[in-house]
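Trainee: Give me the fold of what follows.
(chains A and B)
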Amino acid sequence: MADKPNPQKSVKIAAGAVVCVESEIRGDVTIGPRTVVHPKARIIAEAGPIVIGEGNLIEEQALIINGYPENITPESEVEPKTMTIGMNNVFEVGCVSQALKIGDNNVIESKADVGRNVILTSGCIIGAFCQVNTCEVIPENTVIYGSGCMRRVQTERPQDHRSSSDRLHTRRVSPPGPEEVQRRA
Amino acid sequence: MASLLQPDRVVYLVRGEKKIRAPLSQLYFCRYCSELRSLECVSHEVDSHYCPSCLENMPSAEAKLKKNRCANCFDCPCCMHTLSTRATNIPAPLPDDPTKTAMKKAYYLACGFCRWTSRDVGMADKSVASGGWQEPENPHTQRINKLIEYYQQLAHREKQDRDRKKMARRRQCMPLAFSQHTIHVVEKYGLGTRLQRQRPGAPISSLSGLSLKEGEEQKDITIEPAPALDEVEPLPEDCYSRPISLPEVTTLRQRLLQPDFQPAGASQLHPRHKHLLMKRSLRCRKCEHNLSKPEFNPTSIKFKIQLVAVSYIPEVRIMSIPNLRNMKESQVLLTLTNPVENITHVTLAPCEDDDPDDINSTAKVVVPGKQLVLAGKDAAAEYDELAEPQDFQDDPDVVAFRKSNKIGFFIKVIPQKEEDADVTVSFKIRHDFRNLAAPVRPSEEGGAAAAPAPAESIWLTHHVELRLGPLAP
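Mentor: Predicted coordinates:
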């Protein structure tokens, strides 16, 4: 069998992005400007390239993986699919995301697990420890929360995470978002 | 092997009104009756009310007025989490100069768990951080209040009739003041004491809170019966054909948490004030002594009185189980811990053949016949390095190890049932208990010079059941 020419496996990081050295990035990964990748985050492009947009926040121990589906071995011929991640998404600590298409302004909370066949549109919030591995398009502004993965549609966009991460950059990119007041103990 | 330490593996039998088997950590010990008590054979009384989120104490009268809800905290109607107040800056015209606009703070309620906000139901942002939020008014409040007044009057009349009958039976030897005192006592203690236990068919006046206060005038209140309607509102025409949008329909739980409105649509779910929790005290039903009395302060988790069983009764725990085989004898290692500070002597005995308490055991057990001696619990033992270890003559066949106030001992188990999913053994444990709460008999000399009489020890017997798990395959 003839050898396939090796696809270009490089990591392209745009100007203005903050990528920590302790993070693990493997494969063909493109990271857009103003994206922050925290230490111990892992972005692994095994079965295809990953394109990450602008202004995303990928926190510690988050795992973004474009891996092979379970029933296909790496040797067989599989068309490499690109994983696209949009703008201003937040991948909180310890989450696992395998979704091939993620839109803008989504929040994947801590220890959530998003499967490969899920398509997140925009404004979605996947709650902490929720496992979403259905084969569907999550409509806009959906909140998935609770141990039973209850769903509801929210009317408010999630807080702009850049209002807190603005201290990392010198220029302000958007007006400050709503602040927390009087959190009752 | 942490599963061996699960509390429901070793249960003690409580001989109360009902025979209850519960782990020792969930039982109480009445040291006046010298008996184990479970939660079902004690009476529960409300001590104080407090809000779980702002930890504010509330006297019972105020709690009753506010229908047991906190004044400051709200619950999310969607996920029942506590709501927090958030602020945004909105441009608003200055009161002095309408042409200029300044940034003013507007507050709204938001849930951190399901991201519900007060703007979802159309509640406008308030300009004050707390106290601006109102619960929606129930349209049926007036009718309900009128009904309550009517029943209060009815209850008062019934109580007076009952008291009159009681006085007539006593042939008026009791003064009138006694019946007034009874009313006060009844109102104060309500359903807590044995005097007021709810009996079927008891008149409504036994429910506390419904009886009128003394001195209120008795006016005759009449109520109109609810009118019966012939015509009922018809269902909308597209009731069957309209597709349901699931995010807009409330779940049963969300609906039933607001029983006055029970909204069907999610856009009508308003936040409600948070429910108060209460601290309760437990009282033995036989001797009326307090078994558990918490502190008044909601931030304190300590108890004023805490007569829990684990601090008086030696505790049996399973340490290791070998492979159990049907009809073959195996040795199980158990530990016995002494919670009191003096030396305790423990004797184990197997259950008799016709023991009425022995209903769950599926295996025969051979317990050590000798008396086991447990050292007292010494709190300073770990710091005191020079202490000489006490010498107990331990039979190595019976006692596996000894460590401060704990010993490990063997019992022999012979499973009797084939295909047993859970081998259960039971035996009796008999130990001596020094009752420090017993009243000290005054000596003949009297005065401060006399030494107090030594507390007598009594022997207590408990029935213990152990669940050892399935047979080895």
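Trainee: pull the helix or strand with minimum mean pLDDT from chain A.
Mentor: Least confident helix or strand of chain A, by mean pLDDT, DSSP states H and E, is strand A:179-180 with a mean of 40.
Trainee: Give me the below-cutoff pLDDT ranges for the stretch 301-450 of chain B.
Mentor: B:381, B:385-390, B:437-450 (pLDDT under 70).
Trainee: correct me, but residue B:414 touches residue B:332?
Mentor: No. If you go by C-beta atoms under 8 Å, residue B:414 and residue B:332 don't touch, sitting 11.0 Å apart. Every residue, glycine included, has its C-beta placed from N, CA and C.
Trainee: In the sheet, which residues pair with the residue nearest the centre of chain B? Tell me.
Mentor: Centroid-nearest residue in chain B, with C-alpha atoms, centre = their mean: residue B:280, separated by 7.0 Å. Beta-bridge partners for residue B:280, by DSSP bridges, are residue B:46.
Trainee: who touches it in this structure?
Mentor: B:44-47, B:294 (C-beta atoms under 8 Å, 6 or more residues apart in numbering or on different chains).
Trainee: and these, which are buried?
Mentor: Neighbour counting with 16 or more other C-beta atoms under 10 Å in any protein chain shown marks B:45, B:47, B:294 as buried within those.
Trainee: count of residues packed around the closest residue to the last one other than its chain neighbours?
Mentor: The reference is to residue B:294. Leaving aside its chain neighbours, residue B:294 sits nearest to residue B:279 (4.6 Å; criterion: C-beta to C-beta, 6 or more residues apart in numbering or on different chains). For residue B:279, the neighbour count with other C-beta atoms under 10 Å in any protein chain shown is 18.
Trainee: what does residue B:371 give?
Mentor: For residue B:371, using other C-beta under 10 Å, the count is 11.
Trainee: again, but for the one 4 residues further on
Mentor: Residues lying near residue B:375 (other C-beta under 10 Å) number 20.
Trainee: Could I get the full set of helices for chain B?
Mentor: B:60-65, B:141-169, B:176-189, B:252-256 (DSSP state H).
Trainee: need the ones you listed in a markdown table with mean neighbour count, mean pLDDT and distance to residue B:236, can you?
Mentor: Listed next are these as a markdown table, based on neighbours: other C-beta atoms under 10 Å in any protein chain shown; pLDDT from 0 to 100; distance: least, C-beta to C-beta, whole Å:
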| stretch | mean neighbour count | mean pLDDT | distance to residue B:236 |
| --- | --- | --- | --- |
| helix B:60-65 | 13 | 82 | 41 |
| helix B:141-169 | 14 | 88 | 27 |
| helix B:176-189 | 13 | 46 | 50 |
| helix B:252-256 | 12 | 90 | 19 |
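Trainee: For chain A, which of those is the nearest?
Mentor: helix B:252-256 (10.1 Å; C-beta to the nearest C-beta).
Trainee: On the pLDDT front, check the residue nearest to residue B:294 for me.
Mentor: Note on residue B:279: pLDDT of 91.
Trainee: what do you get for residue A:168?
Mentor: At residue A:168, pLDDT is 42.
Trainee: For the closest residue to chain A within the stretch 301-450 of chain B, grab phi and psi.
Mentor: Distances between the stretch 301-450 of chain B and chain A by C-beta to the nearest C-beta are smallest at residue B:301, namely 15.7 Å. As for residue B:301, its main-chain torsions (degrees, to the nearest 10) stand at phi -100, psi 10.
Trainee: neighbours around it, how many?
Mentor: 8.
Trainee: Kindly report the same for residue A:152.
Mentor: 21.
Trainee: Show me how far the host helix or strand of it is from its chain's centre.
Mentor: According to DSSP states H and E, residue A:152 maps onto strand A:150-153. Offset of strand A:150-153 from its chain centre (C-alpha atoms, centre = their mean, to the nearest Å): 20 Å.
Trainee: Run through chain A and note the low-pLDDT ranges.
Mentor: A:1-9, A:71-77, A:155-185.
Trainee: where's residue B:281 relative to chain A, distance?
Mentor: 26 Å (C-beta to the nearest C-beta, to the nearest Å).
Trainee: between residue B:414 and residue B:332, which one's more packed in?
Mentor: Neighbour count, other C-beta under 10 Å: between residue B:414 and residue B:332, residue B:332 has more, with 21 against 17.
Trainee: Report the contact partners of that one.
Mentor: Counting by C-beta under 8 Å, 6+ apart, residue B:332 has contacts B:318, B:320-322, B:410-413, B:468.
Trainee: switch the cut-off to 7 Å
Mentor: Shown in contact with residue B:332 (C-beta atoms under 7 Å, 6 or more residues apart in numbering or on different chains): B:318, B:321, B:411, B:413, B:468.
Trainee: between these, which is nearest residue A:93?
Mentor: residue B:318 (38.8 Å; C-beta to C-beta).
Trainee: hang on, the closest one packs against residue B:9?
Mentor: Yes. The criterion here is C-beta atoms under 7 Å, and residue B:318 meets it with residue B:9 at 5.7 Å.
Trainee: what sits in contact with each of the two?
Mentor: With C-beta under 7 Å, 6+ apart as the test, residue B:318 and residue B:9 both reach residue B:466.
Trainee: how about the helices of chain A, start to end?
Mentor: Per DSSP H, chain A carries helices over the ranges A:162-165.
Trainee: tell me, what residue is most central in it?
Mentor: residue A:91 (5.1 Å).
Trainee: ok, now which ones touch that residue?
Mentor: Per C-beta under 7 Å, 6+ apart, neighbours of residue A:91: A:57-59, A:62, A:64, A:97, A:108.
Trainee: so of those, which ones are in strands?
Mentor: Among those, the residues falling in strands (DSSP state E) are A:57-58, A:64, A:97, A:108.
Trainee: Mind putting the residues you listed into a markdown table with distance to chain B?
Mentor: Shown next, in a markdown table, are those (distance: C-beta to the nearest C-beta, whole Å):
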| residue | distance to chain B |
| --- | --- |
| A:57 | 18 |
| A:58 | 21 |
| A:64 | 23 |
| A:97 | 19 |
| A:108 | 14 |
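Trainee: Out of the contacts of residue B:332, which comes closest to residue B:243?
Mentor: Closest to residue B:243, out of all of those and judged by C-beta to C-beta, is residue B:468, at 56.7 Å.
Trainee: what about that closest one, distance to chain A?
Mentor: In terms of C-beta to the nearest C-beta, residue B:468 sits 33 Å off from chain A.
Trainee: Surely that residue and residue B:320 touch.
Mentor: No. Contact criterion C-beta under 7 Å: residue B:468 and residue B:320 do not qualify, at 10.6 Å.
Trainee: got the contact list for the residue nearest to residue B:318 when sequence neighbours are not counted?
Mentor: Nearest in space to residue B:318, with sequence neighbours left out and distances taken as C-beta to C-beta, 6+ apart, is residue B:4 at 4.7 Å. Shown in contact with residue B:4 (C-beta under 7 Å, 6+ apart): B:318-319, B:321.
Trainee: residues near residue 30, how many?
Mentor: You didn't pick a chain, so chain A it is. 18.
Trainee: The chain in question should be chain B.
Mentor: Neighbours of residue B:30 using other C-beta under 10 Å come to 24.
Trainee: Got the confidence number for it?
Mentor: 91.
Trainee: do the same with residue B:285
Mentor: 90.
Trainee: Name the nearest residue to it, ignoring sequence neighbours.
Mentor: Using C-beta to C-beta, 6+ apart and skipping residues adjacent in sequence, the residue nearest residue B:285 is residue B:43, 5.6 Å away.
Trainee: cool, and residue B:408?
Mentor: Using C-beta to C-beta, 6+ apart, the nearest residue to residue B:408 is residue B:400, at 4.0 Å.
Trainee: Residue B:409 is in contact with the one you found, correct?
Mentor: Yes. With contact defined as C-beta under 7 Å, residue B:400 reaches residue B:409; the gap is 6.3 Å.
Trainee: Give me the more crowded residue out of the two.
Mentor: residue B:409 (25 against 17).
Trainee: ok, the more buried one - contacts?
Mentor: Applying C-beta under 7 Å, 6+ apart, the residues contacting residue B:409 are B:334, B:336, B:368, B:372, B:398-400.
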